[in-house]
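Chemist: structure for the following, please:
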Amino acid sequence: MANRYWVGGTGTWDSTTKTNWSATSGGAGGATVPTSADDVYIDANSGSGTYTITQTGGTNDCRNFTISGLTTQSLTFRAVGINCY
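Modeler: Numbering: from 1, shown residues only. Model prediction:
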């Protein structure tokens, strides 16, 4: 099990793109894409201003999914196939 944090603002959540995934809140992108064993976090360090996360590529998995701490950001989340167990 690992924690995965969305970073870098606007991007695409698919099964292979690692650009927006970090092992720490606000850390560098490039961590592995979350799996059904991983907890996903979108928080105050995920992006600034207005940004969009678009989930594509069929179904993506995670263990738990948490959005918290967005106080000055405007997030649009477009998802069609995320399974959290």
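Chemist: quick check: closest non-adjacent residue to R78.
Modeler: Take R78 and drop its neighbours on the chain: the residue closest to it by CB to CB, 6 or more residues apart in numbering is T54, 4.5 Å away. Just so you know, the C-beta spots here come from the backbone N, C-alpha and C atoms, and that holds for glycine as well.
Chemist: that should have said L75, apologies.
Modeler: L75 sits nearest to Y51 (CB to CB, 6+ apart), 6.2 Å away.
Chemist: please apply the same query to T71.
Modeler: Once flanking residues are discounted, T71 sits nearest to A44: 6.6 Å by CB to CB, 6+ apart.
Chemist: rewinding a little: for Y41, see how far away the residue nearest to R78 is.
Modeler: Distance, T54 to Y41, by CB to CB, to the nearest Å: 18 Å.
Chemist: between these two, tell me which one has more neighbours.
Modeler: The neighbour count for T54 versus Y41, taken as other CB atoms under 10 Å, is higher for Y41 (21 against 14).
Chemist: distance of the more buried one relative to G58?
Modeler: Taking CB to CB, one finds Y41 at 22 Å from G58.
Chemist: partner strands of the worst-scoring helix or strand of the chain on mean pLDDT and their direction?
Modeler: Within the chain, confidence by mean pLDDT, DSSP states H and E is lowest for strand 82-84 among all helices and strands, at a mean of 71. Taking DSSP bridges as the criterion, strand 82-84 forms sheet pairs with strand 60-62 (parallel).
Chemist: need the contact partners of the next helix or strand after the strand it pairs with.
Modeler: For strand 60-62, the following helix or strand on the C-terminal side (DSSP states H and E) is strand 64-67. With contacts defined as CB atoms under 8 Å, 6 or more residues apart in numbering, strand 64-67 is touched by 39-43, 75, 77, 82, 84.
Chemist: stretch 26-36 too?
Modeler: Contacts of stretch 26-36 (CB under 8 Å, 6+ apart): 2, 4-5, 7-8, 13-23, 40, 45, 60-63, 83, 85.
Chemist: how about that stretch: buried residues?
Modeler: Residues of stretch 26-36 classed as buried under the neighbour-count rule (16 or more other CB atoms under 10 Å) are 29, 31, 33-34.
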